[in-house]
Every structure is written in C-alpha cells, then in structure tokens.
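# Could you look at this predicted model? Sequence included:
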Amino acid sequence: MECPVDKYPMIVLELEQIEIDYCTHCSGIWLDSGELELMLQSDKEKEFLHSLFHQENMSSEKSYRCPICSKKMIKVFVGNNKEVLIDKCPKNHGLWFDSGELENVILLSTEGKENKITSLLKKMFENKLSVK
C-alpha cells in the first residue's frame, strides 16, 4: 500500500493482532475500518471515542486520497476542543493519522490514561511519536 501523503510504500506492523500500515518516511499510520476500536479496551472507551469525532468542512490542511479507493478523504476533528485533526475515507475504508496523532487520539479516548496500547505504540515508535 502507498502512503497517501508522500506515496512511499508502507510497511505492515502487527500490534496486539492488529495490522498497522506504517510509512517509514513520514511516520504516518493507516488503520483499516474498525482497527482503531480494537485498540481500545472497553466498550465505554469505544463509545466515548465515537462521541469525540466531528467532521470538519473548513480545514485548510491538505486533503489526501484514501490508499484503498483513491477517494478524497474528509477531515475529522477528534476531541471536544478539536485537539487532533485526522483524515477519514468517505467510504469508511479507514483512517489516516499523521505522525503522533494515533497516540493522541487513543489518549483522548481513554481520558488521558495510558494503557497497554499507548505503551506499545511508544515502544514501537520511540521518538517518532509525541504526546501533546
């Protein structure tokens, strides 16, 4: 699969039986539909996460194309205060996270509490991810 940002080939990493498509060039991460929810530990976290997604129609950030269907992705803010801006396939193929965004979204959904997944992400990417 090609990175939607810089067109470099992405590598597949497995994290707790979830496949993550990772760009070694820009450190972006693609998650297929439903994989983000698999990273959360409870139904409460999953429901809370979905309540934090808000479509953004006025973003000046560059739009990318879905690496699966090539449709232009939509911008979605995550968080009540619009903390993180991610890209979502309009056909629900998946989500694109620029460097550091996945960890920040997971921390938002767990209300700032680090869990097994955020610890693994930190170990996998060490200095590549930064927590806001």
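Good, I have the coordinates.

# which stretches of the chain form strands?
Remark: strands assigned in the chain by DSSP state E are 11-15, 18-22, 29-32, 53-56, 74-78, 84-88, 94-97.

# Just put those in CSV and tack on distance to Pro4, mean pLDDT and mean neighbour count.
Placement of C-beta: from N, CA and C, glycine included. Below are the strands of the chain laid out as CSV (distance: least, Cβ to Cβ, whole Å; pLDDT from 0 to 100; neighbours: other Cβ atoms under 10 Å):
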stretch, distance to Pro4, mean pLDDT, mean neighbour count
strand 11-15, 15, 87, 12
strand 18-22, 10, 89, 19
strand 29-32, 7, 95, 23
strand 53-56, 17, 86, 12
strand 74-78, 13, 93, 18
strand 84-88, 7, 94, 21
strand 94-97, 6, 95, 24
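
# out of those, which comes closest to Gln41?
Proximity to Gln41 (Cβ to Cβ) singles out strand 18-22 among these, at 12.8 Å.

# packing partners for the closest one?
strand 11-15, strand 29-32, helix 35-38 (3 or more Cβ pairs under 8 Å, 6 or more residues apart in numbering; DSSP states H and E).

# Same list (these) but as TSV, adding distance to Lys75.
Formatted as TSV, those follow (distance: least, Cβ to Cβ, whole Å):
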stretch	distance to Lys75
strand 11-15	25
strand 29-32	16
helix 35-38	16
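
# Would you mind telling me which of these is nearest Pro67?
Smallest distance to Pro67 across these (Cβ to Cβ): 6.0 Å, for strand 29-32.

# For that closest one, which strands pair with it and how are they oriented?
Paired strands of strand 29-32, with direction, are strand 18-22 (antiparallel), strand 94-97 (antiparallel) (DSSP bridges).

# Let's see the distance spanning stretch 70-83 from one end to the other.
End-to-end distance of stretch 70-83 (Cα to Cα, to the nearest Å): 26 Å.

# What lies in contact with it?
Contact with stretch 70-83 is made by 4, 49, 52-57, 59, 61, 63-66, 84-91, 95-96, 104-105, 108, 132, as judged by Cβ atoms under 8 Å, 6 or more residues apart in numbering.
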